[in-house]
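> with the input below, show me the fold.
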Amino acid sequence: MVAKYILKEIPPEQIAFNEDNPRGETPEEIKTDKAFEQLKDSVAQFGVLVPIVVHEAKEGPQKYRLVDGERRLRAALATNIDTIPAHIAKSADLMGQRVQAFHIHMLRKQWKPVAIVRAFKTIRTELKKSKKWKSDKELLLELQALTGCTPTQLEDLQRGIHYPEKVLKDIDAKKLKWSHIVQFEASFVEQLAQHYPRLLNRLGAKKVREVLTEKARQKVIDPTRDLIDYMLPIFKRAKSAQERKAAERLFEKFISEPDCTPENTKLAYDQRFPPKQDQLELANNVIEQCDRLMPLVEQIETTQIISYKDKASEVKRALEALKQTVSKKVRQLARISR
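Just a heads-up that it's a prediction; the model follows:
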């Protein structure tokens with residue numbers, strides 16, 4: 001499966017495009033992008049400066065098939081240059097070519113997470129076809145060995161493959177964030193699977209993901225923090241049969257009602273099962289520490305500390321972070337005390 005490279009100048013007409021483009025761009029989207037116009041101008045003036053990657057095609061009229069460098073190839077064709085520099089990769093098999101493409105994409109910073117997910121999904125599908133895996137754990141170990149991903153990277157990629165191309169395109173279009181679907185899985189879907197599997201089966205994992213995605217689109221939830229701040233604490237606190245039953249009903253309501261927010265869900269749970277004494281002790285501790293902190297902050301003379309710019313910047317960052325946390329808690333407490 002090891003790939004070896006030969007650098008060669010190739011007529012661009014001899015290279016077939018890769019229909020499995022992990023970047024998810026159509027030819028029309030590329031051609032109408034202003035950055036592509038700049039690339040064409042550069043190619044027309046200087047040629048292609050960074051070699052593309054191809055492998056020898058086993059079928060079709062063209063001699064080579066593209067692995068990486070679609071925009072550069074299209075720019076070369078559009079500007080009618082005679083040849084384009086290309087690394088010709090000789091891989092042992094199709095899987096080797098898939099893995100090779102994946103590594104190239106992982107190393108290129110301009111490739112977005114969803115492009116990596118698409119490439120990863122292809123490798124995973126090809127690997128599963130071999131049917132030699134006794135368990136999902138063995139499959140994951142092989143995927144880790146092939147891709148070189150860390151366990152955390154692999155975990156997030158596994159989360160991403162649950163979402164359809166429509167959602168991935170929304171991430172490309174910045175209508176959603178990659179961190180959103182990671183949190184959908186880590187802070188809610190996986191928690192349901194672990195703690196309330198029958199509820200997840202009844203609702204359907206696909207349906208749950210669709211609802212979470214739509215709530216994010218409609219700004220009903222801020223997926224980056226809301227699921228962590230409001231839903232995860234319920235999963236952790238619901239221990240008794242009564243607490244679990246109430247939590248299950250609230251989770252089902254959250255999925256069933258389009259306007260139901262994570263914050264309202266946690267508020268309803270807290271009203272039914274108030275925080276234990278340790279939370280009250282923590283609240284008293286916050287009051288005490290605030291009484292100490294306010295006069296301490298007041299003692300800072302900005303006109304004197306300005307001589308120490310690095311330290312002034314550190315204090316500023318610390319106070320800004322504290323301000324954000326305090327402002328958030330003030331808003332939450334205001335809703336409760338109305």
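
> next helix or strand past the helix or strand of the chain with the lowest mean pLDDT?
Using mean pLDDT, DSSP states H and E, helix 94-107 stands out as the lowest-scoring helix or strand of the chain, at a mean of 62. The helix or strand immediately downstream of helix 94-107 is helix 113-129, counting by DSSP states H and E.

> heading C-terminal from that next one, find the next helix or strand.
From helix 113-129, the next helix or strand downstream (DSSP H and E) is helix 136-147.

> now for that next one, which elements pack on it?
helix 94-107, helix 113-129, helix 151-160 (3 or more Cβ pairs under 8 Å, 6 or more residues apart in numbering; DSSP states H and E). All C-beta atoms are positioned from the backbone trio N, CA, C, and that covers glycine.

> report the buried residues of that helix.
139-140, 142-143, 146-147 (16 or more other Cβ atoms under 10 Å).

> redo the residues you listed as a markdown table? Include pLDDT and distance to Arg159.
Formatted as a markdown table, these follow (pLDDT from 0 to 100; distance: Cβ to Cβ, whole Å):
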| residue | pLDDT | distance to Arg159 |
| --- | --- | --- |
| Leu139 | 74 | 15 |
| Leu140 | 75 | 13 |
| Glu142 | 75 | 18 |
| Leu143 | 76 | 14 |
| Leu146 | 71 | 18 |
| Thr147 | 70 | 15 |
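
> a markdown table for the residues you listed, including distance to Val114?
Formatted as a markdown table, these follow (distance: Cβ to Cβ, whole Å):
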| residue | distance to Val114 |
| --- | --- |
| Leu139 | 22 |
| Leu140 | 20 |
| Glu142 | 23 |
| Leu143 | 18 |
| Leu146 | 20 |
| Thr147 | 16 |
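
> for Lys31, which non-adjacent residue is closest in space?
Ranked by Cβ to Cβ, 6 or more residues apart in numbering and with sequence neighbours excluded, the top spatial neighbour of Lys31 is Arg74, at 7.5 Å.

> apologies, that question was intended for Pro223.
His180 (4.0 Å).

> state the distance from that neighbour to Pro113.
Using Cβ to Cβ, to the nearest Å, His180 is found at 11 Å from Pro113.

> Ile221 too?
Taking Cβ to Cβ, one finds Ile221 at 20 Å from Pro113.

> higher neighbour count, those two?
Using other Cβ atoms under 10 Å, the more surrounded residue of Ile221 and Pro113 is Ile221, with 25 against 20.

> list the contacts of that one.
Neighbouring residues of Ile221 by Cβ atoms under 8 Å, 6 or more residues apart in numbering: 212, 215, 227, 261-262.

> may I see the PyMOL selection of the buried members of those?
Buried subset of the contacts of Ile221, written as a PyMOL selection, criterion 16+ other Cβ under 10 Å:
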select buried, resi 212+215+227+261+262
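
> what's the mean pLDDT across the top helix by length along the chain?
Ranked by residue count, the top helix of the chain under DSSP state H comes out as helix 309-336. Mean per-residue pLDDT for helix 309-336: 83.

> quick one: list the elements packing against that helix.
Counting contacts by 3+ Cβ pairs under 8 Å, 6+ apart, helix 309-336 packs against helix 262-272, helix 302-305.

> quick check: buried residues in stretch 42-56?
43, 48, 51-55.

> please state the offset of stretch 206-225 from the chain centre?
14 Å (Cα atoms, centre = their mean, to the nearest Å).

> circling back to that earlier point, so where does the residue nearest to Pro223 fall, helix or strand?
Using DSSP H and E, His180 sits within helix 178-184.

> average model confidence for that helix?
For helix 178-184, the mean per-residue pLDDT is 91.

> C-terminal to that helix, what's the next element?
Downstream of helix 178-184, the next assigned helix or strand under DSSP H and E is helix 190-195.

> using CSV, write out every CA atom in that next one.
Listed next in CSV are the C-alpha coordinates belonging to helix 190-195 (Å, rounded to 0.1, in the frame of the first residue of the first chain):
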residue,chain,number,x,y,z
GLU,A,190,-24.0,9.6,22.3
GLN,A,191,-25.4,10.5,25.8
LEU,A,192,-28.8,9.2,24.8
ALA,A,193,-27.2,6.0,23.4
GLN,A,194,-25.4,5.4,26.7
HIS,A,195,-28.1,6.4,29.2
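
> quick one on the thing from earlier: looking at the contacts of Ile221, which is nearest Lys8?
Nearest to Lys8, judged by Cβ to Cβ, of the contacts of Ile221 is Leu212 at 48.3 Å.

> how about the closest one, what does it touch?
Contacts here follow Cβ under 8 Å, 6+ apart; on that basis Leu212 touches 184, 188-189, 221, 223.

> thinking again about what came up before, starting at the chain centroid, how far to the helix holding His180?
Relative to the mean C-alpha coordinate of its chain, helix 178-184 is positioned 6 Å out (Cα atoms, centre = their mean).

> could you list every helix and strand in contact with it?
Using 3+ Cβ pairs under 8 Å, 6+ apart, the elements in contact with helix 178-184 are helix 151-160, helix 165-172, helix 205-217.

> what's the mean pLDDT across the shortest one?
Averaging the model's pLDDT scores along helix 165-172 yields 89.

> equivalent analysis for stretch 293-305, please.
Computed over stretch 293-305, the average pLDDT equals 80.

> export only the CA atoms of that stretch, formatted as PDB.
Taking C-alpha atoms only, stretch 293-305 is exported to PDB below (Å, rounded to 0.1, in the frame of the first residue of the first chain):
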ATOM      1  CA  LEU A 293     -12.500  40.200  44.300                       C
ATOM      2  CA  MET A 294     -14.300  43.600  43.800                       C
ATOM      3  CA  PRO A 295     -12.000  45.700  46.100                       C
ATOM      4  CA  LEU A 296      -9.000  43.800  44.700                       C
ATOM      5  CA  VAL A 297      -9.800  44.800  41.200                       C
ATOM      6  CA  GLU A 298     -10.500  48.300  42.200                       C
ATOM      7  CA  GLN A 299      -6.900  48.600  43.500                       C
ATOM      8  CA  ILE A 300      -5.400  48.100  40.100                       C
ATOM      9  CA  GLU A 301      -4.100  51.500  38.900                       C
ATOM     10  CA  THR A 302      -4.200  51.300  35.100                       C
ATOM     11  CA  THR A 303      -2.000  54.400  34.800                       C
ATOM     12  CA  GLN A 304       0.800  52.700  36.700                       C
ATOM     13  CA  ILE A 305       0.500  49.200  35.200                       C
END
